[in-house]
Each structure stands twice: as C-alpha cells, then as structure tokens.
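K.L.:
task: produce atomic coordinates for the following.
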Amino acid sequence: QLQLQESGPGLVKPSQMLSLTCTVSGGSITTSYYAWSWIRQPPGKGLEWMGDIALDDMTVYSPSLKSRTSISRDTSKNQFSLQLNSVTPDDTAVYYCAAQVAGIPTYWGQGTQVTVSS
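P.N.:
Here you go, the predicted model:
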C-alpha cells in the first residue's frame with residue numbers, strides 16, 4: 001500500500017519561500033505508474049491542484065501558480081518536494097501530496113497546515 005507523508009514548516013512569513021517535502025513509502029517514486037502531485041485547500045475553499053512531477057522529472061504546473069512554483073524529486077530519499085516563492089496570506093492552506101493513477105489523485109498524504117503570517 002502506497003503511503004505519503006508531508007513535512008515542512010507550519011508557519012511562513014510573507015514574501016518568503018514555502019518548502020514542503022513528501023516522503024513516499026510502499027512504492028518507488030521512480031515508477032512510471034504514478035505521477036506525483038501537490039494539491040492545496042485554503043480555508044473555506046475547495047481543493048486546488050498546484051502541479052505534478054512524473055517520468056523523467058517532467059513537470060506540469062497550474063497556470064495561476066506557475067511563476068512561483070517548483071516541484072522536484074529526490075530519488076535517493078524517495079521524496080518529492082514543493083517550493084512556492086513570494087508567499088502571501090492567500091497561500092495559507094492545508095497542503096497535500098498525492099500519487100496519481102491514470103490522472104486521478106488516488107493516494108493522499110494526511111495534509112499539513114501552512115499559515116502565512118508575519
């Protein structure tokens with residue numbers, strides 16, 4: 001059973017960079033069977049897909065976040081990471097990592113709360 005776990009700081013100051021890591025167990029991050037996603041949910045709002053990383057480190061980002069977002073993999077640690085630059089209070093959300101199967105986020109981490117505040 002594939003398991004994912006997010007980690008990172010719960011509080012980030014405005015204008016700084018948000019950095020989160022997702023540790024994957026029960027399967028290899030190098031398999032072509034999955035794509036690896038970051039998804040967030042701001043308070044009182046729906047889920048927002050942020051971007052994916054897949055085979056050969058190919059990345060796809062949400063157009064609204066593309067200029068501030070970077071997703072990468074560390075195959076030696078079986079992890080993938082999110083960096084979001086120049087954060088504002090609007091970036092406050094629960095951040096999830098997920099594994100996609102056939103384009104559908106199928107396995108999810110439990111989520112981690114990130115608050116942007118001075």
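
K.L.:
any chance you could map the strands in the chain?
P.N.:
Along the chain, the segments classed as strands by DSSP state E run 3-7, 11-12, 18-25, 35-41, 48-53, 59-61, 69-74, 79-84, 93-101, 104-108, 112-116.

K.L.:
pLDDT averaged over the fourth one - what is it?
P.N.:
To tie it back to what came earlier, the one meant is strand 35-41. Mean pLDDT, computed over strand 35-41, is 97.

K.L.:
quick one: list the elements packing against that strand.
P.N.:
strand 18-25, strand 48-53, strand 69-74, strand 93-101 (3 or more Cβ pairs under 8 Å, 6 or more residues apart in numbering; DSSP states H and E). All C-beta spots, glycine's among them, are computed from the backbone N, C-alpha and C.

K.L.:
ok, which of these comes nearest Tyr107?
P.N.:
Taking Cβ to Cβ as the criterion, strand 93-101 is the member of the helices and strands packed on strand 35-41 that comes nearest to Tyr107, at 4.2 Å.

K.L.:
strand partners (parallel or antiparallel) of the closest one?
P.N.:
Sheet partners assigned to strand 93-101 using DSSP bridges are listed as strand 35-41 (antiparallel), strand 104-108 (antiparallel), strand 112-116 (antiparallel).
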